[in-house]
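A.B. asks: Using only what follows, build the 3D model:
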Amino acid sequence: MKVVPVYEAEGMVLYHDITEIVPGKVKGRAYKKGHIVQKEDIPKLLRLGKEHLYVWEVNENVLHENEAATRIAKAVAGPGLVITEPVEGKVELRAVMNGLLKINTRALEEINDISEVVLATIHTNQQVDCDKVVAGCRVVPLVIDADKIRRVEQLGKTNYPVVEIKPLRSLKVGIVTTGSEVYHGRIKDQFGPVMERKIHELGSVVLRQIFADDKTAMIAEAITTLIDEGAEMVITTGGMSVDPDDVTPAGIRAAGGQVITYGAPVLPGSMFMLARIGDVPILGVPGCAMYHKATIFDLVVTRILAGEEVTRKDIARLAHGGLCAGCDPCQYPHCPFGKG
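C.D. replies: Residues are numbered from 1 along each chain as shown. Here you go, the predicted model:
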């Protein structure tokens, strides 16, 4: 802080509020602490009796909070995001499209380990809609050492992108519904409509649904048929438990599925299977997906549609946050489920 003549204060940052009092008309703040003095402010400041001002001088070594926040935002923002104008020292990152939010949490921690720097985000690996605020940036003081922001920029460059939105691909999806009771028409299929609705909401299309009896060879043939017809993802529904007559996992393996995981630390959805046949992901979805709004399926399918190759380690990480709280009414995806 220093005292300067008002004529020399252009471009400097006010250290304190300046009050304007006009008897019978106005009594309030004319200029807020942190305001950058402009040339056009000088006549008004003189009328307010301010021939000298207490200021911070902004130079190449010291940055105003607005510039600092903007530079942080630019350093961390990747594709699918827009940076807002600073408001009271804060800059936001907003989604410009629907997609999957990805945050480099290790880099996020490193950035926030720099004193007086603030970068706060919502949880990674969640589906977000266009215009969703996903991060906020600011610094703690009104002015900050420029070297700290340069460190943020270097971390952003090294770890680019720290924050991004991945678009969801539109895939052709095949559905295999297993179970003798459905195959023989004893009960109406309820799994297919649920899966079709979810697939359509995610912007993909259902190529075809095939019904199969509880026979390993029939299930394997249905999966192979759908892939031959151009399916880029196959969802099998039903028959995923460990009961002797639940043979869907065996059918996936018989079709050539390379199993990534059978079982997931997520409730509902622990009997989930994820496999691959070539480049085609095969999802074995347990029965809970028929009546729970959100299950392991919802946590995994968006990542696949975003072009990610989901690993066993990725599934294991879902354990933290993988227990659905069973809220009534369900608030998913605006809840902690799947957000470790």
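
A.B. asks: For the spatially most central residue of the chain, what are phi and psi?
C.D. replies: By CA atoms, centre = their mean, the chain has its centre lying nearest to residue 101, at 2.5 Å. Backbone torsions of residue 101, given as degrees, to the nearest 10, read phi -80, psi 130.

A.B. asks: Against residue 126, how distant is it?
C.D. replies: Distance, residue 101 to residue 126, by CB to CB, to the nearest Å: 5 Å. All C-beta atoms are positioned from the backbone trio N, CA, C, and that covers glycine.

A.B. asks: same deal with residue 21?
C.D. replies: On the measure of CB to CB, residue 21 and residue 126 end up 51 Å apart.

A.B. asks: So which of these two has more stuff around it?
C.D. replies: residue 126 (20 against 11; other CB atoms under 10 Å).

A.B. asks: Is that one in contact with residue 338, as I believe?
C.D. replies: Yes: in terms of CB atoms under 8 Å, residue 126 counts as a neighbour of residue 338; the distance is 7.4 Å.

A.B. asks: Flag the shaky bits of this protein, pLDDT-wise.
C.D. replies: 58, 244-245 (pLDDT under 70).

A.B. asks: at 80 instead, please
C.D. replies: Confidence mapping of the chain against pLDDT under 80 gives the ranges 1, 22-26, 57-59, 241-245, 340.

A.B. asks: Mark out where each domain of it begins and ends.
C.D. replies: 2-56, 62-166, 172-317 (automatic domain parsing).

A.B. asks: Now those in a markdown table, please, with extra columns for distance to residue 324.
C.D. replies: Formatted as a markdown table, these follow (distance: least, CB to CB, whole Å):
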| stretch | distance to residue 324 |
| --- | --- |
| domain 2-56 | 44 |
| domain 62-166 | 15 |
| domain 172-317 | 6 |
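
A.B. asks: For residue 326, find the nearest of these.
C.D. replies: Closest approach to residue 326 among these (CB to CB): domain 172-317, 8.9 Å.

A.B. asks: any idea how far the closest one is from the chain center?
C.D. replies: Between the centre of domain 172-317 and the centre of its host chain there is 25 Å, according to CA atoms, centre = their mean, to the nearest Å.

A.B. asks: how about the domains of the chain, which one is nearest residue 331?
C.D. replies: Among the domains of the chain, domain 172-317 sits nearest to residue 331 (CB to CB), with 9.2 Å.

A.B. asks: How about the contacts made by residue 30?
C.D. replies: 18, 19, 20, 44, 48 (CB atoms under 8 Å, 6 or more residues apart in numbering).

A.B. asks: biggest separation within those residues, which pair?
C.D. replies: Most distant of those, by CB to CB, are 19 and 44, 12.6 Å apart.

A.B. asks: any idea how far residue 79 is from the residue nearest to the centre of the chain?
C.D. replies: To residue 79, residue 101 is 12 Å away according to CB to CB.

A.B. asks: Now for those two: what residues contact both?
C.D. replies: 164, 165.

A.B. asks: Sticking with the closest residue to residue 310 other than its chain neighbours, tell me its helix or strand.
C.D. replies: Using CB to CB, 6 or more residues apart in numbering and skipping residues adjacent in sequence, the residue nearest residue 310 is residue 303, 5.4 Å away. Taking DSSP states H and E as the definition, residue 303 sits inside helix 296-305.

A.B. asks: Now that helix - C-alpha only, CSV.
C.D. replies: Listed next in CSV are the C-alpha coordinates belonging to helix 296-305 (Å, rounded to 0.1, in the frame of the first residue of the first chain):
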residue,chain,number,x,y,z
ILE,A,296,-23.8,-48.9,-11.9
PHE,A,297,-25.0,-48.8,-15.5
ASP,A,298,-25.5,-45.0,-15.4
LEU,A,299,-22.0,-44.5,-13.9
VAL,A,300,-20.3,-46.5,-16.5
VAL,A,301,-22.2,-46.0,-19.8
THR,A,302,-21.5,-42.2,-19.9
ARG,A,303,-17.8,-42.8,-19.7
ILE,A,304,-17.9,-45.4,-22.5
LEU,A,305,-20.0,-43.0,-24.7
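
A.B. asks: Flag every buried residue along the host helix or strand of residue 21.
C.D. replies: Residue 21 belongs to strand 18-22 when assigned by DSSP H and E. Neighbour counts using 16 or more other CB atoms under 10 Å place residue 18 of strand 18-22 among the buried residues.
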